[in-house]
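Trainee: sequence plus the predicted model coming up.
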Amino acid sequence: MSEQVFIFDTTMRDGEQSPGASMTLEEKLDLAKLLEDMRVDIIEAGFPIASQGDFEAVNAISKIIKESTICGLSRAGQKDIERCAEAVKPAARSRIHTFISTSPLHMKYKLQMEPEKVLEKIHDSVTLARNLVAEVEWSAEDATRTERDFLRRAVEIAIKAGATTINIPDTVGYSFPEEYGAIFKDLIENVPGADKVIFSAHCHNDLGLAVANSLSAVLNGARQIECAINGLGERAGNAALEEIVMALRVRRNALPYETKIETTRLTTASKMVSRITGFPVQYNKAIVGKNAFAHESGIHQDGMLKNAETYEIMNPETVGQGATNLVMGKHSGRHAFKDKLSALGYELADNAFLDAFQRFKDLADRKKFVYDDDIVALVDDAAAYIADTVKVKRLRVVAGTDGPQTAELDLEINGENKWTTQRGNGPVDAVFNAIRALIPHDAVLELYQVHAVTEGTDAQAEVSVRLSDGEYVTSARASDADTLVASAKAYVGALNRLIAKKERHSGGQKAAG
Ligand code: KIV
Ligand code: ZN
């Protein structure tokens with residue numbers, strides 16, 4: 001039996017700090033359930049002191065998750081730690097993750113604190129946290145730019161005060177794999193008590209090295225990796241969970257460590273996070289990208305037909321990527337649809353199932369072939385729609401060479417129907433003007449992207465929209481066989497999130513990366 005590496009998912013904490021990647025409570029609960037099903041060891045569910053919404057999310061997740069440890073983030077102050085302890089209290093297994101900066105740059109400019117004072121804070125914060133919960137993780141923020149002597153002292157104090165996990169973040173994504181690994185080796189060999197705790201890697205991807213650095217940490221003694229689905233996280237993101245897990249699995253010969261992760265759920269998790277955040281997954285993204293197992297050139301296709309191992313180092317099914325099968329059409333019945341949903345990882349309650357089935361029938365009437373990806377888009381859209389306070393009810397657009405391009409739009413806003421007709425410089429502009437007329441707001445459109453969900457001219461359009469009001473950034477994604485309907489739904493989705501985010505964060509604070 002090889003040794004286990006614990007997987008710590010921070011999609012809902014560091015991931016949510018990514019500009020535009022906000023998640024609602026319902027979305028976080030769904031994601032937490034999926035992470036638990038995937039057998040993630042530790043779920044970092046949020047930063048409870050940051051806002052009432054974050055507190056409630058960590059608290060609600062703590063109540064429903066039984067298998068994974070639920071962790072909340074906290075700075076080094078008493079109020080932060082106590083709020084965090086309260087949030088994770090209902091969890092079957094709970095953890096407080098407290099951090100403070102240790103690099104000269106951060107201590108001088110960010111904390112404006114003398115190094116000796118920082119050491120005192122480490123002692124006090126870990127001691128307090130340990131009095132409240134059994135598992136305490138301590139992080140040295142900006143560890144990779146910290147003087148080594150000082151880092152050793154800081155880690156020793158954290159261990160003596162009762163930390164059970166020591167995290168060494170590459171906060172700014174600056175390290176190279178050899179350097180990062182060497183820090184772990186040094187700390188594990190030289191800090192008294194290092195053998196009593198788990199060392200953890202937390203890498204940012206500013207130089208594209210987050211996964212390589214995390215694996216180097218494991219080679220040098222780390223036994224926990226902090227990562228996020230699709231590599232979500234501050235700036236260029238965190239190490240991608242799916243890449244870490246599959247690297248450990250495929251290259252067990254080089255890295256004899258295993259994780260408990262149920263890898264067949266990786267693609268479902270990637271799609272869910274992409275849908276929730278509105279961030280598309282790049283086609284050539286390792287493991288979960290649409291092209292990750294596609295073979296285009298004749299030579300490659302020929303090799304694949306003779307033996308798949310010629311060009312594939314893992315089987316697509318092990319990560320939950322099936323071929324884009326032709327699955328169903330308008331003659332498929334409820335039973336077949338239910339089986340298909342369950343194969344795709346969805347168990348819907350009766351009403352949600354009937355709603356999804358009706359949407360599927362509508363789609364099958366308009367589209368000859370309905371693929372797995374169509375069904376995923378349809379079910380995910382329906383889930384987001386139910387939670388929204390503003391809903392697109394009806395849209396009629398006049399487009400074409402003659403103009404004027406006009407959109408007639410009915411929205412349901414907090415249960416009340418409102419409608420308008422607006423012109424625009426093109427049909428999309430007309431649709432967005434109509435939304436602005438019904439819900440006046442200052443946010444600007446930062447991104448508008450259209451992709452086809454599957455192949456063919458009758459494919460559903462998947463639209464991503466990002467809005468920013470200068471303070472907050474939100475994104476949403478929606479799909480429909482009609483590109484303009486998908487555009488309206490995506491814009492309204494991002495607007496719903498902006499409204500919710502403003503409410504959630506009133507009076508809140510932001511964490512470090
Ligand atoms: O990147 C970082 O340093 C962090 C800490 C809060 C762990 O996210
Ligand atoms: Zn981070």
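Mentor: Cool, got the structure. Numbers count the residues shown, from 1 in each chain. Ligands and ions are numbered 1, 2, ... in the order given.
Trainee: any weak-confidence spans in the chain?
Mentor: 1, 295-302, 304, 322-327, 382-387, 504-513 (pLDDT under 70).
Trainee: chain center to the longest helix that it contains, what's the gap?
Mentor: Ranked by residue count, the top helix of the chain under DSSP state H comes out as helix 483-505. Its chain's average C-alpha position is 18 Å from that of helix 483-505, according to C-alpha atoms, centre = their mean, to the nearest Å.
Trainee: before we move on, what about stretch 271-286?
Mentor: Centroid separation between stretch 271-286 and its chain, computed with C-alpha atoms, centre = their mean, is 9 Å.
Trainee: can you give me the end-to-end distance of it?
Mentor: One end of stretch 271-286 sits 14 Å from the other (C-alpha to C-alpha, to the nearest Å).
Trainee: buried sites along that stretch?
Mentor: Buried residues in stretch 271-286, counted by 16 or more other C-beta atoms under 10 Å: Lys271, Met272, Val273, Ser274, Arg275, Ile276, Thr277, Gly278, Phe279, Pro280, Val281, Lys285. C-beta: built from backbone N, CA, C; applies to glycine.
Trainee: how about stretch 167-178?
Mentor: Result for stretch 167-178 [16+ other C-beta under 10 Å]: buried residues Asn167, Ile168, Pro169, Asp170, Thr171, Val172, Gly173, Tyr174, Ser175, Pro177.
Trainee: got the CA positions of that stretch in PDB?
Mentor: C-alpha atoms of stretch 167-178 as PDB (Å, rounded to 0.1, in the frame of the first residue of the first chain):
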ATOM      1  CA  ASN A 167       0.800  24.800   5.000                       C
ATOM      2  CA  ILE A 168       3.600  26.500   3.000                       C
ATOM      3  CA  PRO A 169       1.900  28.600   0.400                       C
ATOM      4  CA  ASP A 170       3.600  29.900  -2.700                       C
ATOM      5  CA  THR A 171       1.200  32.800  -2.500                       C
ATOM      6  CA  VAL A 172       2.500  34.700  -5.500                       C
ATOM      7  CA  GLY A 173       3.300  31.700  -7.700                       C
ATOM      8  CA  TYR A 174       7.000  32.600  -7.700                       C
ATOM      9  CA  SER A 175       8.700  29.400  -6.900                       C
ATOM     10  CA  PHE A 176      10.400  26.800  -9.100                       C
ATOM     11  CA  PRO A 177       9.800  23.100  -8.400                       C
ATOM     12  CA  GLU A 178      13.200  22.400  -7.000                       C
END
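Trainee: give me the contact list for that stretch.
Mentor: The contact list for stretch 167-178 (C-beta atoms under 8 Å, 6 or more residues apart in numbering) reads 97, 99, 137-145, 151, 180, 183-184, 187, 199-207, 209-210, 212-213, 215-217, 222, 224, 226, 235-236, 512-513.
Trainee: if we go to 7 Å?
Mentor: With contact meaning C-beta atoms under 7 Å, 6 or more residues apart in numbering, stretch 167-178 is reached by 137-145, 180, 183-184, 199-207, 209-210, 212-213, 216, 226, 236, 512-513.
Trainee: stretch 463-479 too?
Mentor: Outside stretch 463-479, the residues that touch it by C-beta under 7 Å, 6+ apart are 19-22, 275, 277-280, 377, 381, 442-450, 453, 460-462, 483, 486-487, 489-491, 493-495, 497-498, 501-502.
Trainee: where exactly do the helices run in the stretch 351-500 of the chain?
Mentor: In the stretch 351-500 of the chain, the segments counted as helices under DSSP state H, counting those that start in this stretch are 372-387, 427-438, 483-505.
Trainee: so which of these is nearest Arg39?
Mentor: In terms of C-beta to C-beta, the element of the helices of the stretch 351-500 of the chain nearest to Arg39 is helix 372-387, at 21.7 Å.
Trainee: most remote residue from the protein's center?
Mentor: Asp402 (43.8 Å; C-alpha atoms, centre = their mean).
Trainee: before we move on, back to that, among the contacts of stretch 167-178, name the ones in helices.
Mentor: Counting by DSSP H, those place Tyr180, Ile183, Phe184, Ala210, Ala212, Asn213, Ser216 in helices.
Trainee: possible to save those as JSON lines with distance to ligand 1 and neighbour count?
Mentor: Supplementary listing: those in JSON lines, determined by distance: C-beta to the nearest ligand atom, whole Å; neighbours: other C-beta atoms under 10 Å:
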{"residue": "Tyr180", "distance to ligand 1": "13", "neighbour count": "25"}
{"residue": "Ile183", "distance to ligand 1": "14", "neighbour count": "25"}
{"residue": "Phe184", "distance to ligand 1": "16", "neighbour count": "22"}
{"residue": "Ala210", "distance to ligand 1": "10", "neighbour count": "30"}
{"residue": "Ala212", "distance to ligand 1": "17", "neighbour count": "21"}
{"residue": "Asn213", "distance to ligand 1": "12", "neighbour count": "26"}
{"residue": "Ser216", "distance to ligand 1": "17", "neighbour count": "24"}
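Trainee: wait, Phe99 touches Glu141, no?
Mentor: Yes. Counting by C-beta atoms under 7 Å, Glu141 is a contact partner of Phe99 at 5.0 Å.
Trainee: quick check, the residue in the stretch 201-350 of the chain closest to ligand 1?
Mentor: Using C-beta to the nearest ligand atom, the single residue of the stretch 201-350 of the chain nearest to ligand 1 is His202, 5.2 Å away.
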